[in-house]
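> I'd like to go over a predicted model; first the sequence, then the structure.
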Amino acid sequence: MNLNTNPSTPVAVCAVGLLAAFFMPWVQIFGVGVSGYNLGQLGSYGTYAWIIPIVAGTALCLSFVDLDNRAIGAIAGIIPLGAILYALVRVGLEGGIEAMKVALELAWQAFSIGAWLTIIFSSAIIVVAVVQAPTDSRESQAS
């Protein structure tokens with residue numbers, strides 16, 4: 001099996017989407033939007049939010065220098081989804097299954113465009129990083 005080591009344009013596009021979503025409001029608290037940028041300024045666990053644009057930016061930079069960006073792109077997608085899953089599991093462990101259900105209902109209402117775009121682009125970047133585009137049959141016969 002030949003793995004394509006060229007940079008993936010869809011990974012780069014999703015990385016740009018993750019970068020843009022980082023600066024958009026993720027949640028609404030008392031009518032005020034809180035973005036990933038704001039979370040990064042809170043300290044403690046909030047500083048971990050900065051990992052998202054750093055890894056997404058790295059995937060984008062690898063695209064510009066014509067290097068394979070798929071692995072770092074997949075990591076850029078796994079990080080935010082893993083953080084959301086970790087938060088839900090932690091709520092479930094501390095408060096039980098009922099607390100997790102309430103947390104999911106509240107998240108559904110409190111999430112803003114930035115959170116939804118982060119979830120969408122994270123899922124998409126994992127898919128496009130793992131799935132390879134089909135190659136032309138003439139190209140594969142020539143090799």
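Nice, I can see it. Numbering: from 1, shown residues only.
> Just the residues contacting the helix or strand harbouring residue 125, thanks.
Using DSSP states H and E, residue 125 sits in helix 113-130. Applying Cβ atoms under 8 Å, 6 or more residues apart in numbering, the contact partners of helix 113-130 are 8, 10-11, 14-15, 17-18, 20-27, 33, 35-36, 52, 59, 69-71, 73-74, 76-81, 84. In this view, the C-beta of every residue, glycine as well, is placed from N, C-alpha and C.
> how about it: buried residues?
Residues 114, 115, 117, 118, 119, 121, 122, 124, 125, 126, 128, 129 are the ones in helix 113-130 that count as buried (16 or more other Cβ atoms under 10 Å).
> So, low pLDDT: which residues of this protein?
Along the chain, segments meeting pLDDT under 70 span 1-5, 133-143.
> Measure how far the longest helix seen in the chain is from the centre of its chain, please.
Identified as the longest helix of the chain according to DSSP state H is helix 70-110. Distance of helix 70-110 from the chain centroid (Cα atoms, centre = their mean, to the nearest Å) equals 13 Å.
> next one: stretch 109-121
Between the centre of stretch 109-121 and the centre of its chain there are 10 Å (Cα atoms, centre = their mean).
> Likewise for stretch 43-52?
14 Å.
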